[in-house]
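Engineer: here's my sequence, what's the structure:
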Amino acid sequence: MPTKLSADDLREITDRLTAEADALREELSAAESKMPTLYADCDLDAADVGAKVIALEALRADAERARALLNRVLATLPKVGTPGYGRCAVCGDVIGRDRLLAVPHTEVCINCARAGAGAGA
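Structural biologist: Presented below is the predicted three-dimensional model:
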């Protein structure tokens, strides 16, 4: 039996996912605009180069995290309200309403997340 989500729940989930996607797009845009500046600022001072390399690696890691999360959010949006939404991708059980409201892009139930199964925790 699927998780019972009201029309208000589905609207809230859709609104949260949409807002999260917008915020992630802004975060990616900001990160991508900073990268050329960091590349251009790399000069021959070893201390400066080292600090800039570390900053660039952190920026790239943040951008990759944001990109991966954005992809998950965008993949979830069209599923909201469909029969498959709210089912654990690992065990097939129902994902609880509270979990879906808290982490609407999750693909795993709380038991599978605790067990470390799946990447959608």
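Engineer: could you use CA atoms for every contact and neighbour count after this?
Structural biologist: Will do.
Engineer: now the residue positioned nearest the centre of the chain. Nearest residue, chain neighbours left out?
Structural biologist: Compute the mean C-alpha point of the chain, and by C-alpha atoms, centre = their mean the closest residue is residue 69, 2.2 Å away. Leaving out its chain neighbours, the residue that sits closest to residue 69 by C-alpha to C-alpha, 6 or more residues apart in numbering is residue 24, at 7.8 Å.
Engineer: what about that neighbour, helix or strand, and which?
Structural biologist: Here residue 24 sits within helix 7-41, counting by DSSP states H and E.
Engineer: pLDDT averaged over that helix - what is it?
Structural biologist: Mean pLDDT, helix 7-41: 89.
Engineer: hmm, back to that, from the contact counts, what lies against the host helix or strand of the residue nearest to the centre of the chain?
Structural biologist: Secondary structure from DSSP H and E places residue 69 in helix 46-76. Helix 46-76 sits against helix 7-41, with contacts defined as 3 or more C-alpha pairs under 8 Å, 6 or more residues apart in numbering; DSSP states H and E.
Engineer: returning to what we had before: thought the residue nearest to residue 69 was touching residue 67?
Structural biologist: Yes. Between residue 24 and residue 67 there is a contact at 7.4 Å, judged by C-alpha atoms under 8 Å.
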